[in-house]
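Chemist: Let's see this in three dimensions:
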Amino acid sequence: MTKKSNTYKPDWVPENAGKEFATSVVKGVNPKDIKKSDKSVKSRKHLDIDDYVNGVLANDRVVLARTITLIESNSHVHNETAQKVLKKILPDTGKSLRIGITGVPGAGKSTFIESLGLYLISKGHKVAVLAIDPSSTVTKGSILGDKTRMENLARQENCFIRPSPSGGTLGGVARKTRETMLVCEAAGYDVILIETVGVGQSETTVRSMVDFFLLLMIAGAGDELQGIKKGVIELADALLINKADGDNKQKALLAKSDFSMALHYIQHATRGWKTEAYICSALNGEGIKEIWNEIMKFRDITKENGVFYERRKSQTIEWMNKMIEEKLLSGFYDNNVIRKELDIISAKVLRGDILPPAAAEMLLEVYKLERKK
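Modeler: Okay, here's the model as predicted:
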């Protein structure tokens, strides 16, 4: 007996159409046909605060992912729960080495991170990769999805990759990256790699949450020294010219020489540490061990002179200040009266009736009055 097909052709498909139309539609399931006792239909278990905490500390990947989703939520209820979870796991955080990785488009950031991650795992480390993807302007979700670009690393048991949409946040860094970092540390990951969208003045946001800041560059893309104008080189603890393989290796060596000369005229990002340029090939693994050794040397020197701990403290205060700014902004724009006045005053600005500075003062005055009520 031939098994009855679960597909059919839509009405608009031409008669006698062949398979080239690829228009078969799978029949849906009637909700009435689903039995409540059907084991194949499972509802996701609701997690309380202790479930989140215990799951994170046990490095349960499912709970870990759900905890990060909870943190990234804009829901007020979710935010309250997330803060309680973070408070409980706080004693188990702060033990990792936090590394920010940025670079020009096409520098091979994902390939480099995969190569470095695989090397670290082979040396017994547990690696968490927080890949900040560009956001869709429509859905606000991640566009790239780094798990697909770090296939080999994603399969490793001691690696956790979390792509997060930047959401248009300054510096291409997701709004809750700091909290996500703490969750990964509590789960036992001793190296946190943060990959950002790109480079620019706004990369100071990345600098404000990591211990070591690595700038990835490529040779042969034009005047390499033009990168200095972006200001990002002044933030870096190391410059790494990637894709130093094949015919491009000589160009990479020349670029390294150019950057090394330029670095003599730039104030180094970290006290007691000299920023230098290096070359590597993420494709064949050359230079990966060497750059990691430099990062280890950086950690030892900065811990010895106290800069490592001073930076962590200043970053905590900066985090607090950023949260204050965020709360004030959301309180302003979420105010119903401000929303109405914003439309009215914006229209006046567009007509040229008032200037933007005066309009801003008017809105702030309205907000002050609203706060007093």
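Chemist: quick one: the most centrally placed residue in the chain and Val104, what's the gap?
Modeler: Central residue of the chain (CA atoms, centre = their mean): Ile132, 2.6 Å from the mean position. Here Ile132 is placed at a distance of 16 Å from Val104 (CB to CB, to the nearest Å). All C-beta spots, glycine's among them, are computed from the backbone N, C-alpha and C.
Chemist: repeat for Leu363
Modeler: Taking CB to CB, one finds Leu363 at 39 Å from Val104.
Chemist: Count the neighbours of Ser260 for me.
Modeler: 14 (other CB atoms under 10 Å).
Chemist: try the one 10 residues further on
Modeler: By other CB under 10 Å, the residues close to Thr270 number 20.
Chemist: so who does Ala187 touch?
Modeler: If you count contacts by CB atoms under 8 Å, 6 or more residues apart in numbering, Ala187 has them with Val56, Leu57, Asn59, Leu64, Ala128, Phe160.
Chemist: Surely the third one is in contact with Ala186?
Modeler: The reference is to Asn59. No - contact criterion CB atoms under 8 Å: Asn59 and Ala186 do not qualify, at 9.0 Å.
Chemist: The two: which is more packed in?
Modeler: Using other CB under 10 Å, the more surrounded residue of Asn59 and Ala186 is Ala186, with 25 against 16.
Chemist: For Met150, grab the count of nearby residues.
Modeler: Residues near Met150, counting by other CB under 10 Å: 24.
Chemist: now it, nearest residue through space, not along the chain?
Modeler: Glu114 (4.4 Å; CB to CB, 6 or more residues apart in numbering).
Chemist: Show the pLDDT at the one you found.
Modeler: With respect to pLDDT, Glu114 scores 95.
Chemist: so how far is Lys313 from it?
Modeler: 33 Å.
Chemist: neighbour count winner among those two?
Modeler: Neighbours were counted for Glu114 and for Lys313 using other CB under 10 Å; Glu114 has more, 23 against 9.
Chemist: Tell me who's in contact with the more buried one.
Modeler: Contacts of Glu114 (CB under 8 Å, 6+ apart): Arg149, Met150, Asn152, Leu153, Ala282.
Chemist: go on, Ile218?
Modeler: Contacts of Ile218 (CB under 8 Å, 6+ apart): Gly103, Val104, Gly106, Ala107, Gly108, Ile241, Asn242, Lys243, Ala252, Ala255.
Chemist: The second one contacts Ile233, doesn't it?
Modeler: No - counting by CB under 8 Å, Ile233 is not a contact partner of Val104; they are 11.5 Å apart.
Chemist: What's the local residue count around Asp60?
Modeler: Counted with other CB under 10 Å, Asp60 comes out at 16.
Chemist: Quick check, pLDDT for the closest residue to Asn79 other than its chain neighbours.
Modeler: Spatial nearest neighbour of Asn79, chain neighbours left out: Ser73 (6.9 Å); criterion: CB to CB, 6+ apart. The per-residue pLDDT reported for Ser73 equals 85.
Chemist: unless I'm mixing things up, Ser73 is touching Ala82, no?
Modeler: Yes - using CB under 8 Å, Ser73 is in contact with Ala82, at 7.4 Å.
Chemist: isn't Ala252 right next to Lys243, touching?
Modeler: Yes - with contact defined as CB under 8 Å, Ala252 and Lys243 form a contacting pair (6.9 Å).
Chemist: Now the common contact residues for the two.
Modeler: Ile218, Ala219.
Chemist: can you map out the helices along the stretch 251-373 of the chain?
Modeler: Applying DSSP state H, counting those that start in this stretch to the stretch 251-373 of the chain gives helices spanning 288-305, 307-333, 336-351, 356-372.
Chemist: Distance to Leu120 added to these, as CSV?
Modeler: Output for the helices of the stretch 251-373 of the chain, formatted as CSV (distance: least, CB to CB, whole Å):
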stretch, distance to Leu120
helix 288-305, 7
helix 307-333, 19
helix 336-351, 48
helix 356-372, 48
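Chemist: The residue nearest to the centre of the chain pairs with what?
Modeler: Ser164 (DSSP bridges).
Chemist: mind checking how far it is from Leu97?
Modeler: On the measure of CB to CB, Ile132 and Leu97 end up 18 Å apart.
Chemist: got it, and Ala236?
Modeler: Taking CB to CB, one finds Ala236 at 16 Å from Leu97.
Chemist: between these two, who's got more neighbours?
Modeler: Set Ala236 next to Leu97 and count neighbours by other CB under 10 Å: Ala236 wins out with 28 against 18.
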